[in-house]
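Enquirer: Got a sequence here, can you build the structure:
(one chain, ligands or ions: 2)
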Amino acid sequence: MKRIISPSMLSADFGNLERDTQMIDRSRAEWVHIDVMDGVFVPNISFGFPVMKPIRQATSKVLDVHLMIVEPEKYVERFVNDGADYVTFHIEATERAEHCIELIHNAGAKAGVSIKPATPTDAIRDILPKVELVLVMSVEPGFGGQSFMPIAVDKVKELAAMREEMGLDFTIEVDGGISSKNAALLFDAGAEALVAGSAVFKAESPEQEIINMLEAK
Ligand code: DX5
Ligand code: ZN
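Expert: Residues are numbered from 1 along each chain as shown. Ligands and ions are numbered 1, 2, ... in the order given. Below you'll find the predicted structure:
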């Protein structure tokens with residue numbers, strides 16, 4: 001199974017966004033995770049369109065945009081136009097999930113759907129055939145630096161079983177409280193992409209922490 005690390009720019013130094021993005025660009029991380037928060041879907045506000053351009057210019061890696069915003073269908077196209085390769089929205093944030101997926105695809109990107117810790121995997125069963133990515137939250141969305149919630153491991157296993165049973169090939173990604181200490185557990189459960197914010201950016205050597213996650217046993 002493939003192993004991908006997606007460092008979360010939420011934990012980067014915004015006074016040195018270009019430097020931090022270039023560091024990820026040199027590292028073995030294949031994706032760059034961009035957390036967009038609106039202060040409505042989650043009790044925090046991060047950043048939006050203005051960070052897309054400097055990040056896109058500083059790296060050729062896959063831009064993995066995680067929208068924690070209500071009515072994502074209003075904004076998904078613009079994120080694609082600004083350079084997103086994957087645009088992931090929350091199933092809890094929209095009544096129009098299929099429309100949202102269509103807009104992302106028509107704009108030329110891959111579509112992801114995310115579930116909060118309290119949302120069962122069954123809530124997205126019907127749309128699994130339409131997405132390229134499923135993002136399992138292992139913390140309540142809104143903040144970096146929280147503790148990993150083990151319920152995410154069961155959800156990854158359920159999704160891996162659903163993927164097999166339905167003959168699909170979406171990527172399973174997990175986000176929140178992940179480091180080289182629990183990476184192996186998630187990869188072994190069937191996840192292929194892991195998001196890490198504080199573990200990477202607070203490490204003495206971010207590039208080494210990425211390697212440690214990729215090689216975790
Ligand atoms: C939380 C965000 C995460 C966050 C992860 O709402 O979706 O991507 O940056 O940060 P850590 O790895 O510190 O839990
Ligand atoms: Zn995220």
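
Enquirer: Just the buried positions in the lengthiest helix in the chain, please.
Expert: Taking DSSP state H as the criterion, the chain has its longest helix at helix 151-166. Under the neighbour-count criterion of 16 or more other CB atoms under 10 Å, helix 151-166 has A152, V153, K155, V156, K157, E158, L159, A160, M162, R163 buried. Any C-beta I mention is one placed from the backbone N, CA and C, and that applies to glycine too.

Enquirer: next one: stretch 27-44
Expert: Residues of stretch 27-44 classed as buried by neighbour count (16+ other CB under 10 Å): 27, 29-38, 41-42.

Enquirer: now swap in stretch 182-194 and tell me
Expert: Buried, per 16+ other CB under 10 Å, within stretch 182-194: N182, A183, L185, L186, F187, A189, G190, A191, E192, A193, L194.

Enquirer: Kindly provide the distance from the residue of the chain most remote from its centre to ligand 1.
Expert: Computed with CA atoms, centre = their mean, the residue of the chain farthest from its C-alpha average is E165, at 23.9 Å. Distance of E165 to ligand 1, given as CB to the nearest ligand atom, to the nearest Å: 28 Å.

Enquirer: same check, this time on A107
Expert: Distance, A107 to ligand 1, by CB to the nearest ligand atom: 22 Å.

Enquirer: hang on, that residue packs against D82?
Expert: No - using CB atoms under 8 Å, A107 makes no contact with D82, being 10.4 Å away.

Enquirer: Provide a list of residues in contact with V87.
Expert: With contacts defined as CB atoms under 8 Å, 6 or more residues apart in numbering, V87 is in contact with V65, L67, V76, F79, V80, I104, A109, K110, A111, G112.

Enquirer: that's a strand at it, yeah?
Expert: Yes - assignment of V87 by DSSP: H, G, I helix; E, B strand; the rest coil places it within a strand.

Enquirer: What is the three-state secondary structure of I124?
Expert: I124 ends up helix, using three-state DSSP.

Enquirer: circling back: let's have the buried residues of stretch 182-194 in CSV, adding secondary structure, pLDDT and distance to ligand 2.
Expert: Formatted as CSV, the buried residues of stretch 182-194 follow (DSSP: H, G, I helix; E, B strand; the rest coil; pLDDT from 0 to 100; distance: CB to the ion, whole Å):
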residue, secondary structure, pLDDT, distance to ligand 2
N182, coil, 98, 16
A183, helix, 98, 16
L185, helix, 98, 19
L186, helix, 98, 15
F187, helix, 98, 18
A189, helix, 98, 19
G190, coil, 98, 19
A191, coil, 98, 14
E192, coil, 98, 16
A193, strand, 99, 11
L194, strand, 99, 11
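
Enquirer: Closest residue of the chain to ligand 1?
Expert: Per CB to the nearest ligand atom, G197 is where the chain lies closest to ligand 1, at 2.9 Å.

Enquirer: bridging residues for the residue of the chain found nearest ligand 2?
Expert: Distance from ligand 2 to each residue of the chain (CB to the ion) is smallest for H66, at 3.7 Å. Judged by DSSP bridges, the bridge partners of H66 are D35, T88.
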